[in-house]
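Engineer: I would like to see how this sequence folds:
(chains A and B)
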Amino acid sequence: MAPVTTAFTTEPDVTAPSPDTLTQRDRAIAALAAIAIGVQVLEAAIPSPVPGIKPGLANIVTLIALLTLGWRAAVAVTLIRVVGAALLLGTLLSPAFWLSLAGALAALAALGLLRPLAPRHIGALGLAIAAAMAHITGQFLLAWGVIIPHPNLPLVLPPLLLAALIAGSVTGILAAHVLADPRIQRHARLARHP
Amino acid sequence: MTFSDLRWGDGLIAALASAAVVAAFALAYLPDTKASMLVITQTGEPPRQEPLDRTREIEIQGPAGITRVQIEPGRARCADSPGTRNICENSGWLQRHGEVAVSLPNRLTLQVQGRGPGYDSLHY
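Structural biologist: Residues are numbered from 1 along each chain as shown, chains lettered A, B, ... in the order given. Sure thing, here's the model as predicted:
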(Lines give C-alpha, C1' and ligand atoms only; values in the text may rest on other atoms or scores of the structure.)
Protein backbone atom coordinates (compact mmCIF):
# COMPACT_ATOMS: atom_id res chain seq x y z
CA MET A 1 0.00 0.00 0.00
CA ALA A 2 2.63 2.46 1.00
CA PRO A 3 4.54 2.51 -2.31
CA VAL A 4 1.29 3.09 -4.20
CA THR A 5 0.36 6.13 -2.15
CA THR A 6 3.87 7.43 -2.53
CA ALA A 7 3.59 7.04 -6.27
CA PHE A 8 0.34 9.03 -6.24
CA THR A 9 1.66 11.80 -4.09
CA THR A 10 4.78 12.28 -6.17
CA GLU A 11 2.77 12.70 -9.36
CA PRO A 12 1.33 16.15 -10.02
CA ASP A 13 -2.25 16.44 -8.90
CA VAL A 14 -4.22 17.42 -11.98
CA THR A 15 -7.53 17.97 -10.19
CA ALA A 16 -6.37 20.53 -7.69
CA PRO A 17 -6.26 24.13 -8.90
CA SER A 18 -2.65 25.04 -9.34
CA PRO A 19 -1.45 28.63 -9.76
CA ASP A 20 -0.81 27.88 -13.43
CA THR A 21 -4.38 26.94 -14.38
CA LEU A 22 -5.67 30.48 -13.81
CA THR A 23 -3.62 32.35 -16.34
CA GLN A 24 -3.42 36.02 -17.06
CA ARG A 25 -5.47 35.20 -20.16
CA ASP A 26 -8.30 33.81 -18.04
CA ARG A 27 -8.25 36.92 -15.89
CA ALA A 28 -8.39 39.07 -19.00
CA ILE A 29 -11.39 37.11 -20.30
CA ALA A 30 -13.17 37.47 -16.95
CA ALA A 31 -12.42 41.20 -16.82
CA LEU A 32 -13.59 41.76 -20.39
CA ALA A 33 -16.77 39.75 -19.76
CA ALA A 34 -17.47 41.82 -16.65
CA ILE A 35 -16.99 45.04 -18.63
CA ALA A 36 -19.27 43.70 -21.38
CA ILE A 37 -22.00 42.78 -18.88
CA GLY A 38 -21.76 46.25 -17.37
CA VAL A 39 -22.00 47.90 -20.77
CA GLN A 40 -24.99 45.81 -21.80
CA VAL A 41 -26.86 46.46 -18.54
CA LEU A 42 -26.17 50.19 -18.79
CA GLU A 43 -27.30 50.17 -22.40
CA ALA A 44 -30.54 48.42 -21.45
CA ALA A 45 -31.33 51.43 -19.26
CA ILE A 46 -31.12 53.82 -22.22
CA PRO A 47 -34.57 54.25 -23.76
CA SER A 48 -34.61 53.43 -27.47
CA PRO A 49 -36.77 55.40 -29.90
CA VAL A 50 -37.56 52.19 -31.77
CA PRO A 51 -38.08 48.91 -29.95
CA GLY A 52 -35.54 46.27 -30.90
CA ILE A 53 -32.90 48.74 -32.06
CA LYS A 54 -29.95 49.52 -29.81
CA PRO A 55 -26.32 50.36 -30.47
CA GLY A 56 -24.90 47.09 -29.12
CA LEU A 57 -21.95 48.76 -27.42
CA ALA A 58 -21.06 45.51 -25.65
CA ASN A 59 -19.85 44.23 -29.01
CA ILE A 60 -16.88 46.58 -28.65
CA VAL A 61 -15.69 44.28 -25.89
CA THR A 62 -16.14 41.21 -28.11
CA LEU A 63 -14.03 42.89 -30.81
CA ILE A 64 -11.31 43.79 -28.33
CA ALA A 65 -11.27 40.23 -27.02
CA LEU A 66 -11.06 38.96 -30.60
CA LEU A 67 -8.20 41.23 -31.65
CA THR A 68 -6.16 40.94 -28.45
CA LEU A 69 -6.87 37.42 -27.17
CA GLY A 70 -8.24 35.54 -30.18
CA TRP A 71 -11.51 34.06 -31.35
CA ARG A 72 -11.96 31.52 -28.55
CA ALA A 73 -11.60 34.29 -25.98
CA ALA A 74 -14.14 36.36 -27.92
CA VAL A 75 -16.58 33.43 -27.80
CA ALA A 76 -16.04 33.04 -24.06
CA VAL A 77 -16.45 36.75 -23.35
CA THR A 78 -19.59 36.97 -25.48
CA LEU A 79 -21.33 33.91 -24.06
CA ILE A 80 -20.54 34.97 -20.49
CA ARG A 81 -21.86 38.43 -21.36
CA VAL A 82 -25.11 37.10 -22.85
CA VAL A 83 -25.85 34.86 -19.87
CA GLY A 84 -24.58 37.30 -17.26
CA ALA A 85 -26.51 40.28 -18.60
CA ALA A 86 -29.64 38.12 -18.93
CA LEU A 87 -29.28 37.13 -15.26
CA LEU A 88 -28.95 40.76 -14.19
CA LEU A 89 -31.77 41.99 -16.44
CA GLY A 90 -34.08 39.10 -15.55
CA THR A 91 -34.52 37.94 -19.13
CA LEU A 92 -32.81 34.55 -18.79
CA LEU A 93 -34.48 31.93 -21.06
CA SER A 94 -37.04 34.50 -22.23
CA PRO A 95 -37.42 35.33 -25.95
CA ALA A 96 -35.16 38.35 -25.44
CA PHE A 97 -32.45 36.03 -24.16
CA TRP A 98 -32.75 33.61 -27.07
CA LEU A 99 -32.70 36.51 -29.53
CA SER A 100 -29.61 37.90 -27.82
CA LEU A 101 -27.95 34.48 -27.93
CA ALA A 102 -28.86 33.88 -31.59
CA GLY A 103 -27.47 37.27 -32.55
CA ALA A 104 -24.31 36.70 -30.55
CA LEU A 105 -23.70 33.27 -32.09
CA ALA A 106 -24.26 34.59 -35.61
CA ALA A 107 -21.91 37.49 -34.97
CA LEU A 108 -19.27 35.14 -33.54
CA ALA A 109 -19.61 32.91 -36.61
CA ALA A 110 -19.00 35.91 -38.88
CA LEU A 111 -16.04 36.99 -36.76
CA GLY A 112 -14.67 33.44 -36.88
CA LEU A 113 -14.84 33.49 -40.69
CA LEU A 114 -13.14 36.88 -40.94
CA ARG A 115 -10.62 36.33 -38.14
CA PRO A 116 -7.84 35.01 -40.43
CA LEU A 117 -7.96 38.30 -42.39
CA ALA A 118 -7.66 40.47 -39.27
CA PRO A 119 -5.84 42.64 -38.53
CA ARG A 120 -3.78 42.58 -41.73
CA HIS A 121 -6.62 42.99 -44.23
CA ILE A 122 -9.61 43.86 -42.06
CA GLY A 123 -9.67 46.32 -39.18
CA ALA A 124 -12.07 46.71 -36.29
CA LEU A 125 -14.52 48.69 -38.42
CA GLY A 126 -15.03 45.95 -41.00
CA LEU A 127 -15.27 43.28 -38.32
CA ALA A 128 -17.83 45.33 -36.39
CA ILE A 129 -20.01 45.94 -39.45
CA ALA A 130 -19.90 42.27 -40.47
CA ALA A 131 -20.66 41.19 -36.91
CA ALA A 132 -23.56 43.62 -36.60
CA MET A 133 -25.11 42.51 -39.88
CA ALA A 134 -24.69 38.84 -38.92
CA HIS A 135 -26.10 39.63 -35.47
CA ILE A 136 -29.34 41.12 -36.76
CA THR A 137 -29.67 38.43 -39.44
CA GLY A 138 -29.33 35.65 -36.86
CA GLN A 139 -31.82 37.36 -34.58
CA PHE A 140 -34.22 37.90 -37.42
CA LEU A 141 -34.05 34.28 -38.58
CA LEU A 142 -34.82 33.07 -35.05
CA ALA A 143 -37.63 35.60 -34.67
CA TRP A 144 -39.14 34.76 -38.03
CA GLY A 145 -38.62 31.01 -37.87
CA VAL A 146 -39.62 30.35 -34.29
CA ILE A 147 -41.02 33.28 -32.33
CA ILE A 148 -43.20 35.18 -34.85
CA PRO A 149 -43.53 33.09 -38.05
CA HIS A 150 -45.54 35.74 -39.88
CA PRO A 151 -45.19 35.96 -43.68
CA ASN A 152 -44.86 39.74 -43.59
CA LEU A 153 -42.13 39.90 -40.95
CA PRO A 154 -39.39 40.35 -43.63
CA LEU A 155 -40.78 43.86 -44.11
CA VAL A 156 -39.13 44.92 -40.85
CA LEU A 157 -35.76 43.46 -41.87
CA PRO A 158 -34.48 46.33 -44.10
CA PRO A 159 -34.76 49.01 -41.38
CA LEU A 160 -33.14 46.61 -38.93
CA LEU A 161 -30.28 45.98 -41.38
CA LEU A 162 -29.83 49.72 -41.80
CA ALA A 163 -29.75 50.15 -38.03
CA ALA A 164 -27.20 47.32 -37.81
CA LEU A 165 -25.03 49.00 -40.43
CA ILE A 166 -25.04 52.26 -38.49
CA ALA A 167 -24.58 50.58 -35.10
CA GLY A 168 -21.79 48.38 -36.48
CA SER A 169 -19.97 51.41 -37.87
CA VAL A 170 -20.25 53.23 -34.54
CA THR A 171 -19.08 50.27 -32.46
CA GLY A 172 -16.30 49.59 -34.98
CA ILE A 173 -14.97 53.14 -34.75
CA LEU A 174 -15.18 53.02 -30.96
CA ALA A 175 -13.42 49.65 -30.89
CA ALA A 176 -10.66 50.98 -33.15
CA HIS A 177 -10.15 53.89 -30.77
CA VAL A 178 -9.99 51.58 -27.77
CA LEU A 179 -7.54 49.29 -29.58
CA ALA A 180 -5.32 52.25 -30.44
CA ASP A 181 -4.86 52.90 -26.73
CA PRO A 182 -1.29 51.99 -25.68
CA ARG A 183 -2.55 50.05 -22.66
CA ILE A 184 -4.55 47.75 -24.94
CA GLN A 185 -1.65 47.54 -27.39
CA ARG A 186 0.49 46.16 -24.58
CA HIS A 187 -2.08 43.37 -24.08
CA ALA A 188 -2.21 42.72 -27.80
CA ARG A 189 1.56 42.18 -27.91
CA LEU A 190 1.33 40.06 -24.81
CA ALA A 191 -1.29 37.88 -26.45
CA ARG A 192 0.89 37.32 -29.49
CA HIS A 193 3.92 36.35 -27.41
CA PRO A 194 2.62 34.60 -24.33
CA MET B 1 1.15 48.01 -36.67
CA THR B 2 -1.85 49.74 -35.20
CA PHE B 3 -5.28 48.21 -35.14
CA SER B 4 -6.96 51.53 -35.68
CA ASP B 5 -5.80 51.82 -39.28
CA LEU B 6 -8.43 51.22 -41.90
CA ARG B 7 -7.76 48.24 -44.18
CA TRP B 8 -9.08 47.53 -47.63
CA GLY B 9 -11.29 44.85 -46.10
CA ASP B 10 -13.06 47.50 -44.06
CA GLY B 11 -14.08 49.37 -47.18
CA LEU B 12 -15.14 46.15 -48.88
CA ILE B 13 -17.28 45.03 -45.94
CA ALA B 14 -18.81 48.49 -45.58
CA ALA B 15 -19.65 48.55 -49.29
CA LEU B 16 -21.10 45.03 -49.23
CA ALA B 17 -23.16 45.80 -46.14
CA SER B 18 -24.48 49.03 -47.66
CA ALA B 19 -25.39 47.16 -50.84
CA ALA B 20 -27.18 44.52 -48.76
CA VAL B 21 -29.19 47.22 -46.96
CA VAL B 22 -30.19 48.90 -50.24
CA ALA B 23 -31.08 45.54 -51.79
CA ALA B 24 -33.13 44.59 -48.75
CA PHE B 25 -35.09 47.84 -48.93
CA ALA B 26 -35.65 47.41 -52.66
CA LEU B 27 -36.73 43.78 -52.36
CA ALA B 28 -39.03 44.35 -49.43
CA TYR B 29 -40.69 47.60 -50.43
CA LEU B 30 -40.47 48.19 -54.17
CA PRO B 31 -42.38 45.34 -55.80
CA ASP B 32 -46.00 44.44 -55.75
CA THR B 33 -47.54 47.65 -54.53
CA LYS B 34 -49.13 47.96 -57.96
CA ALA B 35 -52.79 47.14 -57.99
CA SER B 36 -54.05 44.44 -60.31
CA MET B 37 -57.62 43.90 -59.17
CA LEU B 38 -60.56 46.07 -58.21
CA VAL B 39 -62.87 44.65 -55.58
CA ILE B 40 -66.34 46.16 -55.49
CA THR B 41 -68.29 45.51 -52.33
CA GLN B 42 -71.89 46.60 -52.17
CA THR B 43 -74.38 46.02 -49.39
CA GLY B 44 -76.44 42.95 -50.08
CA GLU B 45 -74.27 41.84 -53.00
CA PRO B 46 -71.40 39.37 -53.11
CA PRO B 47 -68.02 41.10 -53.62
CA ARG B 48 -67.22 41.50 -57.27
CA GLN B 49 -63.75 41.52 -58.79
CA GLU B 50 -62.70 43.42 -61.88
CA PRO B 51 -59.16 42.95 -63.19
CA LEU B 52 -57.33 46.19 -63.94
CA ASP B 53 -56.14 44.99 -67.34
CA ARG B 54 -57.65 47.31 -69.94
CA THR B 55 -59.39 50.67 -70.15
CA ARG B 56 -63.13 50.45 -69.66
CA GLU B 57 -65.96 51.83 -67.61
CA ILE B 58 -68.47 50.02 -65.47
CA GLU B 59 -71.63 51.37 -63.94
CA ILE B 60 -72.93 50.17 -60.62
CA GLN B 61 -76.55 50.70 -59.70
CA GLY B 62 -77.06 51.56 -56.05
CA PRO B 63 -79.86 52.86 -53.82
CA ALA B 64 -78.96 56.51 -54.64
CA GLY B 65 -78.16 56.19 -58.31
CA ILE B 66 -75.36 55.07 -60.58
CA THR B 67 -71.68 55.03 -59.64
CA ARG B 68 -69.48 55.20 -62.71
CA VAL B 69 -66.14 53.45 -62.24
CA GLN B 70 -63.33 54.12 -64.67
CA ILE B 71 -60.79 51.33 -65.04
CA GLU B 72 -57.36 51.62 -66.66
CA PRO B 73 -54.42 49.23 -66.63
CA GLY B 74 -53.14 49.23 -63.06
CA ARG B 75 -55.58 51.76 -61.66
CA ALA B 76 -59.22 52.59 -61.17
CA ARG B 77 -61.25 55.52 -59.93
CA CYS B 78 -64.70 56.55 -59.01
CA ALA B 79 -65.50 58.89 -61.92
CA ASP B 80 -69.00 59.85 -60.91
CA SER B 81 -71.13 59.00 -57.94
CA PRO B 82 -74.45 60.32 -56.59
CA GLY B 83 -72.94 61.57 -53.32
CA THR B 84 -73.28 65.36 -53.07
CA ARG B 85 -69.94 65.85 -51.30
CA ASN B 86 -67.96 63.98 -53.97
CA ILE B 87 -66.09 61.95 -51.40
CA CYS B 88 -65.91 58.94 -53.71
CA GLU B 89 -64.60 61.00 -56.64
CA ASN B 90 -62.11 62.87 -54.47
CA SER B 91 -60.38 59.63 -53.52
CA GLY B 92 -58.68 59.95 -56.90
CA TRP B 93 -56.99 57.17 -58.78
CA LEU B 94 -56.64 53.97 -56.78
CA GLN B 95 -53.39 52.37 -57.91
CA ARG B 96 -51.63 50.89 -54.92
CA HIS B 97 -52.62 47.79 -53.02
CA GLY B 98 -55.24 48.56 -50.40
CA GLU B 99 -56.36 51.99 -51.60
CA VAL B 100 -60.06 52.44 -51.26
CA ALA B 101 -62.86 54.75 -52.35
CA VAL B 102 -66.23 54.74 -50.64
CA SER B 103 -69.66 55.85 -51.76
CA LEU B 104 -71.93 55.77 -48.75
CA PRO B 105 -75.10 56.87 -50.60
CA ASN B 106 -74.68 53.88 -52.88
CA ARG B 107 -73.54 51.63 -50.01
CA LEU B 108 -70.39 50.54 -51.85
CA THR B 109 -66.66 50.44 -51.49
CA LEU B 110 -64.07 50.21 -54.25
CA GLN B 111 -60.77 48.74 -53.23
CA VAL B 112 -57.81 47.87 -55.41
CA GLN B 113 -55.56 44.96 -54.56
CA GLY B 114 -52.18 43.74 -55.75
CA ARG B 115 -50.37 40.47 -55.50
CA GLY B 116 -47.91 41.74 -52.97
CA PRO B 117 -47.80 41.89 -49.23
CA GLY B 118 -50.81 43.75 -48.01
CA TYR B 119 -50.47 44.92 -44.44
CA ASP B 120 -52.39 47.40 -42.39
CA SER B 121 -49.89 47.93 -39.63
CA LEU B 122 -46.77 46.47 -38.08
CA HIS B 123 -46.68 45.49 -34.44
CA TYR B 124 -43.83 44.61 -32.18
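
Engineer: quick one, what contacts residue B:83?
Structural biologist: Residues near residue B:83 by Cβ atoms under 8 Å, 6 or more residues apart in numbering or on different chains: B:64, B:103, B:104, B:105, B:106. Glycine gets a C-beta too; all of them are placed from N, C-alpha and C.

Engineer: Quick check, pLDDT for it.
Structural biologist: In this model, residue B:83 is scored at 87, pLDDT.

Engineer: just residue A:139 next, same as before
Structural biologist: Per-residue confidence (pLDDT) for residue A:139: 94.

Engineer: any idea how far residue A:156 is from it?
Structural biologist: 11 Å (Cβ to Cβ, to the nearest Å).

Engineer: Equivalent analysis for residue A:93, please.
Structural biologist: Here residue A:93 is placed at a distance of 24 Å from residue A:156 (Cβ to Cβ).

Engineer: what does chain A put close to chain B?
Structural biologist: When proximity is defined as Cβ under 8 Å from any Cβ of the partner chain, chain A approaches chain B at A:51-52, A:67, A:114, A:117-127, A:129-130, A:133, A:151-152, A:154-158, A:161-162, A:165, A:168-169, A:172, A:176-177, A:179-180, A:185, A:188.

Engineer: these two touch, right, residue A:143 and residue A:156?
Structural biologist: No. No contact is recorded between residue A:143 and residue A:156 when judged using Cβ atoms under 8 Å, the distance being 9.1 Å.

Engineer: quick one: which of those two has more around it?
Structural biologist: More neighbours sit around residue A:143 than around the other of residue A:143 and residue A:156, counting by other Cβ atoms under 10 Å in any protein chain shown; the figures are 22 against 18.

Engineer: so who does that one touch?
Structural biologist: When contacts are counted by Cβ under 8 Å, 6+ apart, residue A:143 is found next to A:99, A:153.

Engineer: Could you list the low-pLDDT ranges of chain B?
Structural biologist: Within chain B, the ranges that satisfy pLDDT under 70 run B:1-5, B:31-33, B:115-124.

Engineer: run the last query once more with 90
Structural biologist: B:1-8, B:26-37, B:44-45, B:52-54, B:62, B:74, B:83-85, B:95-100, B:113-124 (pLDDT under 90).

Engineer: hmm, back to that, filter the contacts of residue B:83 down to the ones close to chain A.
Structural biologist: Judged by Cβ under 8 Å from any Cβ, the overlap between the contacts of residue B:83 and the neighbourhood of chain A is nil.

Engineer: between these, which has the most around it?
Structural biologist: residue B:103 (25 neighbours).

Engineer: Leaving out sequence neighbours, find the closest residue to that residue.
Structural biologist: Spatially, and ignoring its direct neighbours in sequence, residue B:103 is nearest to residue B:88 (4.0 Å; Cβ to Cβ, 6 or more residues apart in numbering or on different chains).

Engineer: Can you tell me what sits against whichever strand or helix holds that neighbour?
Structural biologist: Here residue B:88 is covered by helix B:87-90, with elements defined by DSSP states H and E. The set of residues external to helix B:87-90 that reach it, using Cβ under 8 Å, 6+ apart, is B:67, B:77, B:78, B:79, B:80, B:81, B:101, B:102, B:103, B:104, B:110.

Engineer: at 10 Å instead, please
Structural biologist: B:67-69, B:77-83, B:101-106, B:108-110 (Cβ atoms under 10 Å, 6 or more residues apart in numbering or on different chains).

Engineer: Also stretch B:40-51?
Structural biologist: Counting by Cβ under 10 Å, 6+ apart, the neighbours of stretch B:40-51 from elsewhere in the structure are B:36-39, B:56, B:58, B:60-63, B:67, B:69, B:71, B:73, B:76, B:100, B:102-103, B:106-113.

Engineer: just the buried members of those?
Structural biologist: The neighbour count (16 or more other Cβ atoms under 10 Å in any protein chain shown) marks B:36-38, B:60, B:62, B:67, B:69, B:71, B:76, B:102-103, B:106, B:108-113 as buried among the contacts of stretch B:40-51.

Engineer: So which of those residues sit within helices?
Structural biologist: Taking DSSP state H, every one of the buried ones among the contacts of stretch B:40-51 sits outside helices.

Engineer: Pull out the buried positions in the one helix or strand residue A:88 maps to.
Structural biologist: With elements delineated by DSSP H and E, residue A:88 resides in helix A:71-89, which encompasses its position. For helix A:71-89, burial by neighbour count (16+ other Cβ under 10 Å) applies to A:71, A:73-78, A:80-86, A:89.

Engineer: Toward the C-terminus, what is the element adjacent to the worst-scoring helix or strand of chain A on mean pLDDT?
Structural biologist: Each helix and strand of chain A was given a mean pLDDT (mean pLDDT, DSSP states H and E); the minimum falls on helix A:2-10 at a mean of 46. Next in sequence after helix A:2-10, counting helices and strands by DSSP H and E, comes helix A:24-45.
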